[in-house]
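Here is a sequence with its predicted model. Questions after.
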Amino acid sequence: MQQSRFKPLYSFALLTSLALPSAHAADLSIAAQVAGTTVAEGEALDAPHLGPAEFDAKFEQVEISQFDLWERIRQGFAIPDLNNPLVATHVTWYSSRPEYIQRTTQRASRYLFHVVQELEKRNMPMELALLPFIESAFNPQALSSAKAAGMWQFIPSTGREYNLKQNVFRDERRDVVASTLAALNYLQKLYGMFGDWQLALAAYNWGEGSVSRAIAKAEAAGKPIDFNSLSAYMPAETRNYYPKLQAVKNLIAAPAQYGIKLPLVENQPYFVSIKKTRDIDVKLAAELAELPMEEFRALNPQFNRPVITGSSGASILLPQLNADKFTENLSKWTRGLSSWTAHKVTATRERIEVIAARFKTTPQIIREANAIPPNMHPTVGSTVLVPKPANIDNDIARELADHGTLAVEADGPARRRVTIKVGRRDTMASITQRYKVSAAEVREWNDLKSDKLSPGQPLKLMVKAPKKGKTRLVAAAADHGDKPAQAGKRHAKAGKAEKPARERKAVKAERQVKKVEPRKKHGA
């Protein structure tokens, strides 16, 4: 953490807060310095062009008091405590692993202030600030086996329901600000449904439909409607879900009691948000901010590719000190900001090798930039990131930046090119069936507008190459729709000459003799 940030402001606020009642703690709006012009929060920001991009820094209102962020969280606890044996089990587990607690709370220190601010705006209980401890250990790059991603662990469908964009360039389920907004919206909805935060959190893990059905079962059985009573209907993961959160709450409430030492988390913003209107390479953005790549990624884990697009809503998070450096260095930058552009795959069998040749690069670079595994290729409609040619200065088109997707499929068997002539009885259907290709591929290889063919018309085909050691098929068109002759079918095995009849009889006789010989016993 940048320990020197906001020190003068923090000291002033500390003194001011001591002289004021807690309800009237100092509220300091931090002004953004843009190219030497001070712009107060709330005013229109008419930012000048800084090199080839625009910069717009947004700061959260800061309410600083005499205690650190942990104490602020403790004072906001509002969910009734849960007492059951599972809570004690998880308290024991966490308290016996102080190194794990230290790592997780240190990681959380980047994001906690923002989460706390958002919870206070909505008057939501502070226990929810600890929920990412259970969901992801405050790792915004976490990905579960169920494809849940980010600090708040949204699955793809729920993420889309709460307006978290998921495309080839970014996944807002990992966006610290966007995913926090979505998670709190979802939690508020669940609390509105059940009127109980413990059940709302069970629904966050298990689904609102599952909790509703459990409530119906409990009502039919005459049982109370609370977490402990409904836990009998829950799967093990959900049954342990709130007890884990209660255990973490107990540790944060009284760390010394459990031999835990929490890292200092200052009660002030860790980062500011910077809006971008031009594409910029991730590596260059980190360099201009003079920030290690690991720290840049920790604050901006939503970017899937080595370029940050300047599409609507695109922004990056930086510590304030580094945001100032970013502004200064960007104003002096005279070269291009991005070395990448996007290519949309339109051909059925457009291989990475073909794309690489077109953009004068290597297949390995394209695979690495797009996370495409070996022996896989992008399907039609996919957006692939490629090195930007020297004669192109445009940013990636907004349509691709906002909606681009990438799907891959396994490479098929190796293919070889053959040319055939259409027979008198041939149709597109008969040819595609014979050579095991699709009509779309035939049209693509031959620039055909339709499936209509004429007798004698030459066709270029990419047919599957035979495997080694197997008999090759004769790639000849049948003038009357006959199937191509299969060479070697008369032979017992391809590539081996048929043995003479006399030799075959001798071998057969020898086998019959062996059958009637008595089998020797072991040790004879």
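Structure received. Numbering: from 1, shown residues only.

CA atoms for contacts and neighbours, from now on please.
Will do.

Check the offset of the helix or strand containing Phe113 from the chain's centre.
Under DSSP states H and E, the secondary-structure element containing Phe113 is helix 112-122. In this view, helix 112-122 has its centroid 25 Å away from the chain centroid, taken as Cα atoms, centre = their mean, to the nearest Å.

Also stretch 237-257?
28 Å.

and if you look at stretch 174-187?
15 Å.

swap in stretch 318-335?
Using Cα atoms, centre = their mean, the offset of stretch 318-335 from its chain centre is 28 Å.

so what's the backbone phi/psi at the closest residue to Thr432 other than its chain neighbours?
Distance criterion Cα to Cα, 6 or more residues apart in numbering; nearest residue to Thr432, sequence neighbours excluded, is Ser438 at 5.6 Å. Per-residue torsions, Ser438: phi -100, psi 160 (degrees, to the nearest 10).

Just give me the neighbour total for Ser438.
Neighbourhood size, Ser438 [other Cα atoms under 10 Å]: 15.

same question, Leu119
Leu119, neighbours per other Cα under 10 Å, totals 20.

Would you enumerate the residues in contact with it?
125-126, 128-129, 184 (Cα atoms under 8 Å, 6 or more residues apart in numbering).

repeat for Ser338
Taking Cα under 8 Å, 6+ apart as the test, what Ser338 contacts is 279-281, 307.

Redo the residues you listed as JSON lines? Include secondary structure and pLDDT.
Formatted as JSON lines, the contacts of Ser338 follow (DSSP: H, G, I helix; E, B strand; the rest coil; pLDDT from 0 to 100):
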{"residue": "Asp279", "secondary structure": "coil", "pLDDT": "95"}
{"residue": "Ile280", "secondary structure": "strand", "pLDDT": "96"}
{"residue": "Asp281", "secondary structure": "strand", "pLDDT": "97"}
{"residue": "Val307", "secondary structure": "strand", "pLDDT": "96"}
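
which one of those residues sits closest to Asn370?
Val307 (11.0 Å; Cα to Cα).

residue boundaries of the strands in the stretch 251-400 of the chain?
For the stretch 251-400 of the chain, applying DSSP state E, counting those that start in this stretch gives strands covering 272-275, 280-281, 307-308, 315-318, 340-344, 376-378, 383-387.

Out of those, which gets the lowest mean score?
Note on the strands of the stretch 251-400 of the chain: lowest mean pLDDT is at strand 376-378, with a mean of 89.

Report all helices and strands that that strand contacts.
strand 408-410 (3 or more Cα pairs under 8 Å, 6 or more residues apart in numbering; DSSP states H and E).

Select, out of the strands of the stretch 251-400 of the chain, the one closest to Pro301.
Taking the strands of the stretch 251-400 of the chain one by one with Cα to Cα, strand 315-318 is closest: 9.8 Å.

I'd guessed Pro373 sits against Ile365; true?
No: using Cα atoms under 8 Å, Pro373 is not in contact with Ile365, being 11.8 Å away.

Apart from its neighbours in sequence, what residue is nearest Pro387?
Trp340 (4.5 Å).

Now do that neighbour against Val307, distance only.
7 Å (Cα to Cα, to the nearest Å).

joint contacts of these two?
With Cα under 8 Å, 6+ apart as the test, Trp340 and Val307 both reach Asp281.

ok, back up a step: list of residues touching the helix or strand just after the helix holding Phe113?
Using DSSP H and E, the helix or strand that follows helix 112-122 towards the C-terminus is helix 131-135. Contacts of helix 131-135 from elsewhere in the structure, counted by Cα under 8 Å, 6+ apart, are 104, 138, 151-153, 241, 244-245, 248.

let's go with 10 Å and repeat that
101, 104-105, 107-108, 112, 137-140, 142, 144, 148-154, 180, 201, 205, 241-242, 244-246, 248-249 (Cα atoms under 10 Å, 6 or more residues apart in numbering).

now the residues you listed: which count as buried?
Buried members of those, scored by 16 or more other Cα atoms under 10 Å, are 101, 104-105, 107-108, 112, 137-140, 142, 148-154, 180, 201, 205, 241-242, 244-246, 248-249.

residues contacting Lys460?
Counting by Cα under 10 Å, 6+ apart, Lys460 has contacts 417-421, 442-446.

Just to be sure, it is in a helix?
No: the assignment for Lys460 (DSSP: H, G, I helix; E, B strand; the rest coil) gives strand, which keeps it out of a helix.

i'd like the first residue to be 755 from this point on
Will do, 755 is the new start, and the previous item becomes Lys1214.

who does it bridge with?
Thr1173 (DSSP bridges).

Give the burial count for Met1216, as a bare number.
17.

list the contacts for it?
By Cα under 10 Å, 6+ apart, the neighbours of Met1216 are 1168-1173, 1189-1191, 1195-1196, 1199.

Scan those and report the most crowded one.
Val1196 (19 neighbours).

quick revisit: so the residue nearest to Pro1141 touches Asp1149, yeah?
Yes: Trp1094 lies in contact with Asp1149 (Cα atoms under 10 Å); the separation is 8.6 Å.

shared neighbours of those two, anything?
With Cα under 10 Å, 6+ apart, Trp1094 and Asp1149 have common neighbours 1033-1034, 1063, 1142.

can you tell me the average pLDDT over the strand or helix carrying Leu984?
Using DSSP H and E, Leu984 sits within helix 981-984. In this model, helix 981-984 carries a mean pLDDT of 98.

any idea how far it is from the chain center?
34 Å.

Tell me who's in contact with His868.
Per Cα under 10 Å, 6+ apart, neighbours of His868: 814, 883, 930-931, 934, 1022-1026.
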